[in-house]
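Peer 1: predicted model and sequence below, questions to follow.
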Amino acid sequence: MTSDTELCKDRDNFPPLKNDLILRAARGEYTEMIPVWAMRQAGRYLPEFREVRSKHEFFTLCRTPSLACEVTLQPIRRFNLDASIIFSDILVIPQALGMDVEMIPGKGPTFIRPLEHPKDLKELEHDVDVDDKLGYVYDAITLTRHKLEGRVPLIGFAGGPWTLMAYMIEGGGSQTMSKAKQWLYRYEDESHQLLRLLVDITVKFLVGQVKAGAQLLQVFESHAGYLGRDLFNKYSLQYLRDICKNVKRELVDAKIDPVPMIVFARGAHYALQELASTDYDVISVDWTIDPKEARNKIGGQSTIQGNLDPCALYANKAKKLIGKMIAEFGTQRYIANLGHGIYPNVEPSQLDCFVECVHAYSKNLNAT
Ligand SMILES: Cc1c2[nH]c(c1CCC(=O)O)Cc1[nH]c(c(CCC(=O)O)c1C)Cc1[nH]c(c(CCC(=O)O)c1C)Cc1[nH]c(c(CCC(=O)O)c1C)C2
């Protein structure tokens, strides 16, 4: 038996992939049924996650490859999902830049000393060795690729630069993002400086994740909706575009096949056309966007991911809502998902119903 410590470093002998549905959908190839996964599929709605979590602090889970691997696999054991996503958090990048973040029960991630003024940028570690600081994520990815035994592809991820900037300034969640937006209006140059720093680190981090075994990548620009068209175009779009372009270029330069990339700019209705003109292969949309409108705006060149309201899983007639979503998106160039992360009080059986319904309905539609 090879130990976890050895498997964490073995990037050469991954088991062959048995289910490539999501990769085919991302590349625009035919899929006999719609691939499906759920954002935050590893998490508190699963009793087995709460059990592990009760014994370990959140960031200890992220930093311990065997634990991160275990909670990544939990939803894969239970449901017929078509992708796994490595258990980690978008806030590991601010941590790598030298900021302390704690997970406070009932409150969520909290920065001990958020950025208050542009002069605080000097305190960040500008020459951070990403591969060294975040090597624990790479080890978790490599180990998980082995332990998945090729059942489904493994997704790596990072936060979008504006979303990370917002957390670094707000110090945690916020209703308005008014402190972070104040920077955008008042300290334009310093905002761009911070966003560029985040882009550089994110590119290295995502390339490192692919080298470690990630088979797709998703960028979570979860706070896009706070911006509106003008601020989004100025402070998010170009940086999201650069991340994708640079990750793909660096992989080609390193003679590694680029992997499909997904962008989730939550709330960015106004930017669907622009996002479709970037190099991202998949545009992920939230539940407030109408499927047909999304298709029209995004066009035929990109795959769409989304977008069931996470609360629709509570409905007595969830199957009907899932059927409607599939009928509207169609079965091709489509990855079924929720419009945002699954909530902690969802019953695991409700996610099972989502997965099974997507598969059954789409197989049926493809057969007719
Ligand atoms: C399970 C979990 C995670 N993060 C947090 C939790 C719950 C904390 C706990 O157990 O105490 C805290 C945790 N981490 C964060 C939050 C949101 C805080 C807030 O804005 O109020 C919380 C509660 C920050 C965060 N973290 C993440 C995002 C982007 C996605 C999104 O928009 O939801 C964001 C915004 C990404 C993330 N976070 C996580 C994953 C795991 C992989 C999976 O999807 O299964 C991923 C992809 C894991």
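Peer 2: Structure received.

Peer 1: does the residue of the stretch 51-200 of the chain found nearest the ligand count as helix, strand or coil?
Peer 2: Nearest residue of the stretch 51-200 of the chain to the ligand (C-beta to the nearest ligand atom) works out as Gly173 at 2.4 Å. (Glycine included, C-beta is placed from N, CA and C.) Put simply, Gly173 is coil when judged by DSSP: H, G, I helix; E, B strand; the rest coil.

Peer 1: from Val101, how far out is Lys317?
Peer 2: Taking C-beta to C-beta, to the nearest Å as the measure, Lys317 falls 40 Å from Val101.

Peer 1: of those two, who's got more company?
Peer 2: A direct count of neighbours by other C-beta atoms under 10 Å for Lys317 and Val101 places Val101 higher, at 21 against 9.

Peer 1: on that earlier part again, report the contact partners of the residue of the stretch 51-200 of the chain closest to the ligand.
Peer 2: Shown in contact with Gly173 (C-beta atoms under 8 Å, 6 or more residues apart in numbering): Gly108, Pro109.

Peer 1: so what's the backbone phi/psi at it?
Peer 2: Main-chain torsions, Gly173, degrees, to the nearest 10: phi -70, psi 160.

Peer 1: same question for Glu356.
Peer 2: Per degrees, to the nearest 10, the backbone of Glu356 is at phi -70, psi -40.

Peer 1: need the residue closest to the centroid of the protein.
Peer 2: Central residue of the chain (C-alpha atoms, centre = their mean): Gln218, 4.2 Å from the mean position.

Peer 1: give the contact list for it.
Peer 2: Residues counted as contacts of Gln218 (C-beta under 8 Å, 6+ apart) are Ile85, Ile155, Gly156, Phe157, Met261, Ile262, Val263, Phe264, Ser284.

Peer 1: interface residues of the stretch 1-150 of the chain facing the ligand?
Peer 2: By C-beta under 6 Å from any ligand atom, the residues of the stretch 1-150 of the chain that approach the ligand are 39-44, 53, 58, 85, 87, 89-91, 103, 108-109.

Peer 1: can you give me the helices for the stretch 151-300 of the chain?
Peer 2: 161-170, 178-186, 188-212, 228-232, 238-253, 272-276, 291-298 (DSSP state H, counting those that start in this stretch).
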